[in-house]
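# Just a sequence and a predicted model for now, questions to come.
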Amino acid sequence: MFDFILPSKIRFGKGIIKELDEELNKISAKKIMLICDEGIIKANILKNVLKFVKEDKIVVVFSKIEANPKDYNIHEGADLAIEEKVDALVAVGGGSAIDAAKGIAVLARQGGNIRDYEKKVISENCLPLIAIPTTSGTGSEITFSSVITDTKENFKFTIKSPSIAARVALIDPELTYSLPPMITASTGIDALTHAIEGYTANCTEPIAEAMGLYAIEYISKYIVRAVGNGADEEAREGMMIGSLLGGLSFSHADVASVHCMAEALGSIYDKPHGMCNSIILPHVMKENLPYVLYKYSRIARAMGVDVKDDETAAYRGIELIEKISKDIALPDFKSLGIDPKDFRLLSELSEKNSSNKSNPKKMTVDDYESLFNKINNI
Ligand SMILES: [Fe+2]
């Protein structure tokens, strides 16, 4: 038994950003808050987006979003939205900006402490949000979850509800043309991780499985090209479709142990989410392989592995993912500078993550600790 809801309207294509003002009119937005980080301003992306907001609207810019968005970013943004009496939000950026905007959308209307919403039911009373992704990775523009760092507890928590999903996702591959190779690589593997975890999560369902598998096909076909040549329009579009499908897959299923470990690293060491996922992905896959062997063989075949025997194909698929990570020059675990003394704490946080239950292999704190040690000793 499953439900499939898709609260966001998806508008996709090169130049679709030009439709921003029309979409703002449809939600009767008169005063909007544009949410981004400083990098988006420096890269002139904000200026390009603002060209498509007509002068009959007032724009307030909130650019204090940090990577692995912090609870205080959400509170500060919500305070400003209330003070300025904005009636809609537009988030421009990667997962951090869009996730932060979802949190702001809730707090500005429902008040309280953002951490409370990890368990509290979120009502429909949220500021309407239009999401404009500038990376092909997070899928946050269409997911109905938001990952936020509790800075007192150094813990990443998730708020999840269809009420916080963007009303509209304007997905314009052109916005990713100037994305540097390393960000293209790490966000691209993040998207691949969403697809693999969405397809294989314990709680998955057929629609999430279908979207995850097709996302794997797209991402594995285009990621090396997109990293090698950012101006490759076909590859950029393929990556945007892949990350969209991967996001749809995991938001209707779940992520699993790769994300549990990456989010633990993100909360203690503040390391980029995509980079952490990219390093951990093949190692968790090796742990899970006996539990989802057939699905892993299908993942391999979606990536072009032409082998009849399922077990051989499954192994080849993991090897191919390791090769892709090398081809796009992603760093190894040692380069993250993680102190082995923290492995226990990181393992405890991984086990505590709400997505731990979705991993095909049941992972205990000891399992995570031995995996961190194994990855560190390679
Ligand atoms: Fe992710």
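Received it, and whenever you're ready, just let me know what you need. Remember, predicted model here, so these are calculated numbers, not experimental data.
# Who are the packing partners of the least confident helix or strand in the chain by mean pLDDT?
Every helix and strand of the chain was ranked by mean pLDDT, DSSP states H and E. The lowest is strand 155-160, at a mean of 90. Judged by 3 or more Cβ pairs under 8 Å, 6 or more residues apart in numbering; DSSP states H and E, strand 155-160 is in contact with helix 95-110, strand 145-150, helix 257-269. All C-beta atoms are positioned from the backbone trio N, CA, C, and that covers glycine.
# switch the cut-off to 10 Å
Contacts defined by 3 or more Cβ pairs under 10 Å, 6 or more residues apart in numbering; DSSP states H and E place strand 155-160 against helix 95-110, strand 145-150, helix 257-269, helix 343-352.
# Let me know which of the ones you listed is tucked in deepest.
Using mean count of other Cβ atoms under 10 Å, the stretch among those with the greatest mean number of neighbours is helix 95-110 (a mean of 27).
# Send me that helix as CSV with only the CA atoms.
Provided in CSV are the C-alpha atoms of helix 95-110 (Å, rounded to 0.1, in the frame of the first residue of the first chain):
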residue,chain,number,x,y,z
GLY,A,95,19.9,22.3,-1.4
SER,A,96,21.0,24.6,1.4
ALA,A,97,19.1,27.6,0.1
ILE,A,98,16.0,25.7,-0.8
ASP,A,99,15.9,23.6,2.4
ALA,A,100,16.4,26.8,4.4
ALA,A,101,13.5,28.4,2.6
LYS,A,102,11.2,25.5,3.5
GLY,A,103,12.0,26.0,7.1
ILE,A,104,11.5,29.7,6.8
ALA,A,105,8.1,29.1,5.1
VAL,A,106,6.9,27.2,8.2
LEU,A,107,8.3,29.4,10.9
ALA,A,108,7.1,32.6,9.4
ARG,A,109,3.6,31.4,9.5
GLN,A,110,3.5,28.9,12.4
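# hmm, back to that, which one of the helices and strands packed on strand 155-160 lies nearest to residue 314?
Closest to residue 314 of the helices and strands packed on strand 155-160, according to Cβ to Cβ: helix 257-269, at 16.4 Å.
# Compare the helices and strands packed on strand 155-160 and give me the one nearest residue 320.
With distances scored as Cβ to Cβ, the stretch of the helices and strands packed on strand 155-160 nearest to residue 320 is helix 257-269 (16.4 Å).
# What average pLDDT does whatever helix or strand comes next after the closest one get?
Counting by DSSP states H and E, the element after helix 257-269 in chain order, helix or strand, is helix 273-288. Averaged across helix 273-288, the pLDDT comes to 93.
# what's the distance between residue 132 and residue 31?
Taking Cβ to Cβ, to the nearest Å as the measure, residue 132 and residue 31 are separated by 18 Å.
# sorry, back to before: mean pLDDT and distance to residue 162 added to the helices and strands packed on strand 155-160, as JSON lines?
Converted to JSON lines, the helices and strands packed on strand 155-160 look like this (pLDDT from 0 to 100; distance: least, Cβ to Cβ, whole Å):
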{"stretch": "helix 95-110", "mean pLDDT": "97", "distance to residue 162": "11"}
{"stretch": "strand 145-150", "mean pLDDT": "93", "distance to residue 162": "10"}
{"stretch": "helix 257-269", "mean pLDDT": "94", "distance to residue 162": "20"}
{"stretch": "helix 343-352", "mean pLDDT": "96", "distance to residue 162": "25"}
